[in-house]
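A.B. asks: my questions are about this predicted structure, shown below with the sequence.
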Amino acid sequence: MPRGRPRKPASLRAIEGSRARPWHQTEPTYPPGTPDPPVSLTAAELVYWQYYVQQLEAIGVLTPADRDALRLLCEAMVVIDDLKTATSRARSARTKAALTNRQRQWTQTARLCLSDLGLSPVSRGRVGKPAGERPEARLAALIAGRPRS
């Protein structure tokens, strides 16, 4: 698990610069698009899939490369729902504690997936649209004094 501040996005590094190291020119970009849901999704997972695809399409950050992270997020959300139900039905404190611990682990997985996809409040600022003008082109236009399009 990385420590310290999160990495500065390439678009900010292009504008502000970085004293520690130059920004990477080879940051991968993926074409925008909606991935097809995996055939292994259950009906409950498919409901979450459709919800999160709609959210990600609305902010314009969904790419086919996000398929596995989205699948894991949907799986985690269904497992969390199942564990909540099982915890409420459990009778012994020992069983409730074990189920709560598993729920906490799956919640951590879901939180990380949400963050990776740009769906948490903190991560919204660092996840950008996948296709479009590269940051170095904007910086070059800014330096040359040309108006932005």
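C.D. replies: The structure has been received and is ready for your questions.
A.B. asks: longest helix in the protein, please.
C.D. replies: Determined from DSSP state H, the single longest helix within the chain is helix 93-117.
A.B. asks: elements contacting that helix?
C.D. replies: When contacts are defined as 3 or more C-beta pairs under 8 Å, 6 or more residues apart in numbering; DSSP states H and E, helix 93-117 sits against helix 67-89. Using the backbone N, CA and C atoms, a C-beta is placed for each residue, glycine as well.
A.B. asks: what is the helix it packs on packed up against?
C.D. replies: Using 3+ C-beta pairs under 8 Å, 6+ apart: helix 67-89 touches helix 43-59, helix 93-117.
A.B. asks: for that helix, list every residue counted as buried.
C.D. replies: For helix 67-89, the neighbour count (16 or more other C-beta atoms under 10 Å) marks 67, 69-71, 73-80, 83, 87 as buried.
A.B. asks: quick one: low-confidence ranges for this protein?
C.D. replies: 1-2, 8-27, 125-149 (pLDDT under 70).
A.B. asks: state the number of residues packed around Trp106.
C.D. replies: Around Trp106 sit 18 other residues, with neighbours defined as other C-beta atoms under 10 Å.
A.B. asks: should've said Ala43
C.D. replies: Ala43 has 7 nearby residues by other C-beta under 10 Å.
A.B. asks: contacts for the longest helix of the chain next, please.
C.D. replies: For helix 93-117, the surrounding residues in contact (C-beta atoms under 8 Å, 6 or more residues apart in numbering) are 52, 56, 61, 66, 69-70, 72-73, 76-77, 79-80, 83-84, 86-87, 90, 120, 122-123, 127.
A.B. asks: now the closest residue to Ile59 other than its chain neighbours: how far from Arg102?
C.D. replies: In this structure, Ile59 finds its nearest non-sequential neighbour in Gly118, 6.9 Å apart by C-beta to C-beta, 6 or more residues apart in numbering. For Gly118, the distance to Arg102 equals 27 Å [C-beta to C-beta, to the nearest Å].
A.B. asks: so which of those two has more stuff around it?
C.D. replies: Between Gly118 and Arg102, counting by other C-beta under 10 Å, Gly118 is the more crowded of the two (19 against 16).
A.B. asks: test my guess that that one contacts Thr63.
C.D. replies: No - Gly118 is not in contact with Thr63 according to C-beta atoms under 8 Å; the separation is 11.3 Å.
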